[in-house]
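Peer 1: Curious how this folds, go ahead:
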Amino acid sequence: MLPTFLIIGSQKAGTTSIHHILNQHPQIFMAEKKEINFFFKDEEYARGPEAYAEHFSDSADQLARGEASPGYICHPEAPARIHDLLPDVKLILTVRDPIRRAISQYWDNRRHLNEPHTFAEALDLYLSDEYHPDQIGYFSRGVYMRYIRNYLEYFPRKNLLILPFEEMLTAPETFYQRIFKFLGVNTDFQSEDIDQAFNPTEVWMNIFYQILIRKPAYQKYIPAKLRRLFFWGKKVRFSAPSIDDASRKKLEEFYRPWNDELVDFLGVDLSSWSEASSKRV
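Peer 2: Predicted coordinates:
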């Protein structure tokens, strides 16, 4: 028993929420584990199709079976690996303003005390449009058209559903109906959780953690295994601060040709991306 669809990305673009809502649909089976990463991690792929199929062994008579691993979109070998095992699979991709997506990923690492650099320093270190699985992909993950073209070498356009992340926020019913129609399941299904966020960003308020998140350079003096000792006490919701103007302008120039190509490919208006990039995430 193997999946009929995959949510292939993007990271920090609503895949947790999509997984949750689709899991509620009576005609859809979602693998219990999110981010199986079978086609992403070499050690998982080496376990073979039988091990992968175990994640779907509990599915019954559902019309659609799937899993969500947002790393699939950018891994250079994922399209070929997926096609070899699942040549007719349907693929779902959410695309988010790449600047806001990068900020979100950066701060996700920062709040987990895994990023010792400021955003401007990270920009100087990691700005690239080439994704490598063993390197940080804050910025390379946002060049969506490169990865879409890679998938289209193996799959017909009709097998790929591409949705702007922002539509999930502004028109969630339409957003999910498009997914249900694509998967061939009942489009009338509604969830009470449709407006909820299922992966909220939070930080701890204890003074030791606050020092490390506010002064990231201090993190490198503490072994990674010991940093988790600072994850205790009260937690509060967190919004990432806006980035400096120089970094924002640099990223706008970096992403402009990729975004323009995406707009032409999708035939949609993504002007809100540039308007939103200067705001808090």
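
Peer 1: Tell me which residues of whatever helix or strand residue 20 lives in come out buried.
Peer 2: Using DSSP states H and E, residue 20 sits in helix 15-24. Across helix 15-24, burial judged by 16 or more other Cβ atoms under 10 Å covers 15, 16, 17, 18, 19, 20, 21, 22, 23. C-beta: built from backbone N, CA, C; applies to glycine.

Peer 1: Next secondary structure after that helix?
Peer 2: Following helix 15-24 in sequence, per DSSP H and E, is strand 28-30.

Peer 1: mind checking how far the residue of the chain most remote from its centre is from residue 230?
Peer 2: Computed with Cα atoms, centre = their mean, the residue of the chain farthest from its C-alpha average is residue 207, at 30.7 Å. Noted for residue 207: a distance of 10 Å to residue 230, by Cβ to Cβ, to the nearest Å.

Peer 1: just residue 95 next, same as before
Peer 2: From residue 95 across to residue 230, the span is 34 Å (Cβ to Cβ).

Peer 1: Over to residue 61?
Peer 2: 48 Å.

Peer 1: Compare the two (neighbour count), which wins?
Peer 2: residue 230 (19 against 6; other Cβ atoms under 10 Å).

Peer 1: which residues touch the more buried one?
Peer 2: The contact partners of residue 230, by Cβ atoms under 8 Å, 6 or more residues apart in numbering, come to 113, 204, 206, 208, 209, 212.

Peer 1: isn't residue 222 right next to residue 209, touching?
Peer 2: No - counting by Cβ atoms under 8 Å, residue 222 sits too far from residue 209 to count as a contact (11.3 Å).

Peer 1: Now the common contact residues for those two.
Peer 2: Counting by Cβ under 8 Å, 6+ apart, the shared contacts of residue 222 and residue 209 are residue 113.

Peer 1: Looking at these two, which one has more neighbours?
Peer 2: residue 209 (20 against 15).

Peer 1: From residue 110, how far out is the more buried one?
Peer 2: 12 Å.

Peer 1: Show me the strands in the chain, by range?
Peer 2: 5-9, 28-30, 64-68, 90-95, 160-164, 202-204, 235-237 (DSSP state E).

Peer 1: in its sheet, what does the last one sit against?
Peer 2: Sheet pairing here is set by DSSP bridges, and for strand 235-237 it gives strand 202-204 (antiparallel).

Peer 1: same question, the second one
Peer 2: Each strand that strand 28-30 pairs with, and the sense of that pairing, follows from DSSP bridges: strand 64-68 (parallel).

Peer 1: Can you show me the CA trace of the strand it pairs with as PDB?
Peer 2: The C-alpha trace of strand 64-68 is given here as PDB (Å, rounded to 0.1, in the frame of the first residue of the first chain):
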ATOM      1  CA  ALA A  64      -6.600   9.000  -1.400                       C
ATOM      2  CA  ARG A  65      -3.500   8.200   0.700                       C
ATOM      3  CA  GLY A  66      -0.700  10.700   1.300                       C
ATOM      4  CA  GLU A  67       2.100  12.100   3.400                       C
ATOM      5  CA  ALA A  68       3.700  15.500   3.900                       C
END
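
Peer 1: elements contacting the longest helix along the chain?
Peer 2: As assigned by DSSP state H, the longest helix anywhere in the chain is helix 245-266. Applying 3 or more Cβ pairs under 8 Å, 6 or more residues apart in numbering; DSSP states H and E, we find helix 245-266 packed against helix 98-111, helix 119-126, helix 144-152.

Peer 1: and these, which is most packed in?
Peer 2: Highest mean neighbour count of those: helix 98-111, a mean of 22 (counted as mean count of other Cβ atoms under 10 Å).

Peer 1: Let me know the average pLDDT across that one.
Peer 2: What helix 98-111 shows for mean pLDDT is 96.

Peer 1: Please list all residues in contact with residue 188.
Peer 2: With Cβ under 8 Å, 6+ apart as the criterion, no residue contacts residue 188.
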